[in-house]
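> from the sequence below, what's the structure:
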Amino acid sequence: MKKALFHITVFVIVVLSLLPFLWFVNTSLKTSLEITSIPPVFIPSGTVQSYVSAMKDYNLLHYVANSVYVAGATTVITIFLSVLAGYALARLRIKYKGLLMGSLLLVSMFPQISIAGPVWRILDGLGWLNSYQGLIIPYVTLTLPLGVWILASFFSELPQELEDAARIDGCGHLQTLLRIMVPLAAPGVFTAAILIFIYAWNEFFFALLIMTRQTVQTLPVGIALFQGQFTLPWGEIAAASTVATVPLVLIVLLFQKQIVRGLSSGAIK
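Predicted coordinates for the structure are as follows:
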């Protein structure tokens with residue numbers, strides 16, 4: 001009885017979680033008349049006109065390309081820095097290591113609105129507003145604590161004997177990190193990379209604040225600024241939202257085991 005109740009509860013939670021996503025996928029396959037129909041039409045005609053219009057009239061693919069570039073660059077830079085910092089905090093003798101880790105955690109808790117003004121002024125002074133680097137650098141600073149925490153905990157659980165053996169063979173800290181530790185920490189690196197990419201892909205506030213030119217706007221901002229002549233183009237918005245969401249859903253479904261392993265391995269000896 002308890003097992004059946006558990007499965008029913010999980011099923012209900014999954015359905016409620018997926019309902020908004022399934023609804024805008026359904027909406028993206030409707031005609032404009034079906035979208036505004038009262039009572040609502042639950043079975044769409046299956047037209048892809050909204051997708052065609054989103055790509056042709058609203059430059060959807062351009063926004064997708066911008067998001068891929070920004071999220072990809074953010075992930076690569078953050079993972080590189082996180083690997084170095086995580087290994088140093090996990091293995092090297094550093095004074096006030098606990099204070100450093102606590103500071104990273106504290107910084108990650110700052111509300112975005114509290115740092116928006118200083119970030120904007122710094123980027124304006126550097127002439128980086130409406131530039132890719134102007135968005136990538138803030139994203140790196142926002143995601144770096146997550147990457148460092150995941151990888152530091154992961155590195156700390158790897159056997160010390162492996163490093164000692166590498167040192168006997170003449171490897172320095174950097175060689176040990178690249179040849180021994182990073183391959184063994186691949187699940188943690190992979191998990192951190194996915195979470196960082198998802199954050200950078202979905203982030204809206206700083207993208208809206210920093211990217212005011214249409215040519216450099218990312219997908220969340222581009223979708224939010226879709227406008228029609230007399231009303232919002234709900235079909236195109238639903239189609240663009242589907243395009244923005246489906247890749248992330250597929251990534252999580254395909255690599256869920258690796259994600260769970262990466263999140264849990266660093267916490268279990």
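
> domain map for this protein?
Domains of the chain are assigned by automatic domain parsing as 1-47, 49-265.

> please identify the most buried of the ones you listed.
The highest mean neighbour count among these, using mean count of other C-beta atoms under 10 Å, belongs to domain 49-265: a mean of 17. C-beta here means a position set from N, CA and C on the backbone, and glycine is covered the same way.

> and that one, average pLDDT?
Domain 49-265 carries an average pLDDT of 87.

> so how far is that domain off the chain centroid?
In terms of C-alpha atoms, centre = their mean, to the nearest Å, the centre of domain 49-265 is set 5 Å apart from its chain centre.

> find the centremost residue of the protein, please.
The chain has Ile198 as the residue nearest its centroid, 1.6 Å off, counting by C-alpha atoms, centre = their mean.

> and the contacts of the strand or helix carrying that residue?
Taking DSSP states H and E as the criterion, Ile198 maps to helix 186-202. Helix 186-202 has contacts (C-beta atoms under 8 Å, 6 or more residues apart in numbering) with 67, 70-72, 74-75, 78-79, 82-83, 139, 142-143, 146-147, 150-151, 153-155, 182, 219-220, 244, 248, 251-252, 255, 258-259, 261-263, 265-266.

> same thing but 7 Å
67, 70-71, 74-75, 78-79, 82-83, 139, 143, 146-147, 150-151, 154, 182, 220, 248, 251, 255, 258-259, 261-263, 265-266 (C-beta atoms under 7 Å, 6 or more residues apart in numbering).

> check stretch 225-234 too.
27, 35, 58, 236-237, 240.

> now swap in stretch 207-224 and tell me
Stretch 207-224 is contacted from outside by 63-64, 66-67, 70, 116, 120, 123, 129-132, 134-135, 202, 204, 237, 240-241, 244, using C-beta under 7 Å, 6+ apart.

> that one spans what distance, first to last residue?
11 Å (C-alpha to C-alpha, to the nearest Å).

> these two touch, right, Leu184 and Leu158?
Yes - with contact defined as C-beta atoms under 7 Å, Leu184 reaches Leu158; the gap is 5.5 Å.

> give me the distance between Gln227 and Val48.
21 Å (C-beta to C-beta, to the nearest Å).

> Ser67 too?
Distance from Ser67 to Val48, by C-beta to C-beta: 21 Å.

> ditto for Asp124
42 Å.

> name the nearest residue to Leu29, ignoring sequence neighbours.
Using C-beta to C-beta, 6 or more residues apart in numbering and skipping residues adjacent in sequence, the residue nearest Leu29 is Pro44, 3.9 Å away.

> likewise for Ile237?
In space, Ile237 is closest to Phe226, 5.3 Å off (C-beta to C-beta, 6+ apart).

> list of residues touching the helix or strand harbouring Lys56?
Element membership for Lys56 (DSSP H and E) is helix 49-57. With contacts defined as C-beta under 7 Å, 6+ apart, helix 49-57 is touched by 28, 31, 60-61, 235-236, 238-240.

> so which of these are in strands?
When DSSP state E is applied, the contacts of helix 49-57 are split such that none fall in strands.

> rebuild these as JSON lines, extending it with distance to Met1.
Formatted as JSON lines, the contacts of helix 49-57 follow (distance: C-beta to C-beta, whole Å):
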{"residue": "Ser28", "distance to Met1": "41"}
{"residue": "Thr31", "distance to Met1": "47"}
{"residue": "Leu60", "distance to Met1": "49"}
{"residue": "Leu61", "distance to Met1": "52"}
{"residue": "Gly235", "distance to Met1": "46"}
{"residue": "Glu236", "distance to Met1": "48"}
{"residue": "Ala238", "distance to Met1": "41"}
{"residue": "Ala239", "distance to Met1": "44"}
{"residue": "Ala240", "distance to Met1": "45"}
